[in-house]
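S.K.: make a model of this:
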Amino acid sequence: MPVTVLPLENTPLGAKIQLPDGCSDPSELSEEDFKDLYDALMTYSVVVIPGMEDLKPESQWRLTTMFDPTCDQTGKSYGHGKEFRHQNSVLRRDGMTIPDQPQVQVLGQGQWPAGHYGMGELNLRHPTHFDFHDKPLTDQEAFEEDKTRFYRWHIDSALYALSPPVVTTLLGIHVPPESRKQKIHYDDTGDVLEVTQGATSFVSGANAFDLLSEEDQQRALKTTVVYAPHPYIFISPARATSDGLTMVSDGKEMKFEDLPPWEESKIKRLPLVWTNPVTKKHHLQVHGCCIHQLELPDGTVLDLEDARKEVYRMMRPAISPDQVYAHAWDKGDLVIFHNRGVWHSVTGQFKEGEKRLMHQCNIASGIDPVTVL
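M.R.: Numbers count the residues shown, from 1 in each chain. Take a look at the predicted model:
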């Protein structure tokens with residue numbers, strides 16, 4: 001039996017994958033079967049392979065590299081390290097590195113005994129909006145009324161010096177029970193999206209592009225996003241909007257002269273729209289929290305506050321409840337997402353004693369994404 005692709009029902013994106021009979025490690029797929037998996041990912045943007053709780057970190061890393069021949073295949077370069085672990089980075093507490101497979105990060109919540117793939121005792125912390133949003137929920141709202149937020153809509157990427165990964169693989173090893181529900185309230189519309197605790201939410205950049213007016217589409221196709229140098233350090237003193245799309249512009253960002261040393265040539269200038277290599281669809285792909293400027297086709301340059309307002313205007317329709325796939329984790333789910341075709345966000349918060357353990361892998365690409373007009 002070849003790879004079987006089962007589109008998810010009643011969701012705007014996503015598919016479930018059944019591996020061929022006898023295959024328990026997707027990094028060992030034949031060339032033909034892997035092409036089916038690759039095409040499914042490019043078509044559905046997020047694919048889920050269940051029953052992978054025993055997948056070894058080395059296999060997860062190898063699988064991740066298979067989606068991008070241009071990324072480093074030796075394991076010596078993988079796109080995190082100093083940039084993400086800097087003491088001022090907003091990402092510094094979001095994961096720990098497996099010693100023998102440093103391309104794979106351990107994420108989660110709670111204390112875990114020593115011995116997980118050679119690691120010492122783990123004290124993991126699930127990222128929550130309390131530390132990042134300008135006006136977080138109250139404890140009453142979050143822990144008594146089970147309200148939650150999209151933490152930060154983003155693309156996995158250093159966005160300085162390194163090119164965005166093509167894919168991210170995310171493995172659920174220990175996950176909270178699916179029965180626990182939390183509710184995301186949209187402040188501007190009053191809509192409510194119910195998600196399982198700790199769900200990972202995805203939206204399609206292709207759907208986001210399709211939701212734009214024809215005029216906005218034509219302009220977006222020729223617009224360039226300029227990201228700040230060391231963007232996760234740049235934004236560290238600032239706080240995000242309540243939907244996690246971008247940052248509140250109140251002058252709290254770190255001044256460029258106070259950032260770690262940076263080079264103009266390493267600042268990432270990426271197209272606002274990235275073209276899917278298989279479907280040829282255009283995807284609106286932007287990390288709204290990390291932008292610094294927008295360069296419009298007519299030569300106009302929008303600086304920080306106006307750039308944020310403009311990408312917010314374009315991004316906001318795409319996170320409406322009917323556009324979001326919120327993945328409810330089961331033990332052993334291996335979620336592979338097209339990092340150049342979706343945005344994603346952590347959701348949820350955990351109470352004292354609640355635990356989660358996950359493995360994440362993404363590798364910086366050897367080339368930047370492009371817009372094919």
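S.K.: and the longest strand seen in the chain, what's buried?
M.R.: Ordering each strand of the chain by length in residues (DSSP state E) puts strand 101-112 first. Within strand 101-112, the residues that count as buried by 16 or more other CB atoms under 10 Å are 101, 103-110, 112. Quick note: C-beta positions are derived from backbone N, CA and C, even for glycine.
S.K.: export those to a markdown table and tack on pLDDT?
M.R.: Output for the buried residues of strand 101-112, formatted as a markdown table (pLDDT from 0 to 100):
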| residue | pLDDT |
| --- | --- |
| 101 | 92 |
| 103 | 92 |
| 104 | 94 |
| 105 | 93 |
| 106 | 95 |
| 107 | 94 |
| 108 | 94 |
| 109 | 93 |
| 110 | 92 |
| 112 | 93 |
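S.K.: want to throw those residues into CSV with distance to residue 268?
M.R.: CSV is the format used below for those (distance: CB to CB, whole Å):
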residue, distance to residue 268
101, 27
103, 21
104, 24
105, 21
106, 27
107, 24
108, 29
109, 31
110, 35
112, 35
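S.K.: which one of those residues is nearest to residue 245?
M.R.: Nearest to residue 245 out of these is residue 107 (CB to CB; 22.1 Å).
S.K.: tell me if I'm right that the closest one and residue 355 touch.
M.R.: No. With contact defined as CB atoms under 8 Å, residue 107 does not reach residue 355; the gap is 12.0 Å.
S.K.: ramachandran coordinates for residue 63?
M.R.: Residue 63 adopts backbone torsions of phi -60, psi -40, taken as degrees, to the nearest 10.
S.K.: how many neighbours does it have?
M.R.: By other CB atoms under 10 Å, the residues close to residue 63 number 24.
S.K.: tell me where the stretch 151-300 of the chain is predicted with low confidence.
M.R.: 178-179 (pLDDT under 70).
S.K.: if you go through it in chain order, where are the strands?
M.R.: With DSSP state E, counting those that start in this stretch as the criterion, the stretch 151-300 of the chain has strands at 167-174, 181-185, 192-196, 200-204, 224-227, 269-271, 273-275, 282-284, 291-295.
S.K.: elements contacting the fourth one?
M.R.: The criterion is 3 or more CB pairs under 8 Å, 6 or more residues apart in numbering; DSSP states H and E, and the helices and strands that strand 200-204 contacts are strand 325-327, strand 342-346.
S.K.: now the last one
M.R.: Using 3+ CB pairs under 8 Å, 6+ apart as the contact test, the elements touching strand 291-295 are strand 224-227, strand 301-302, helix 304-315.
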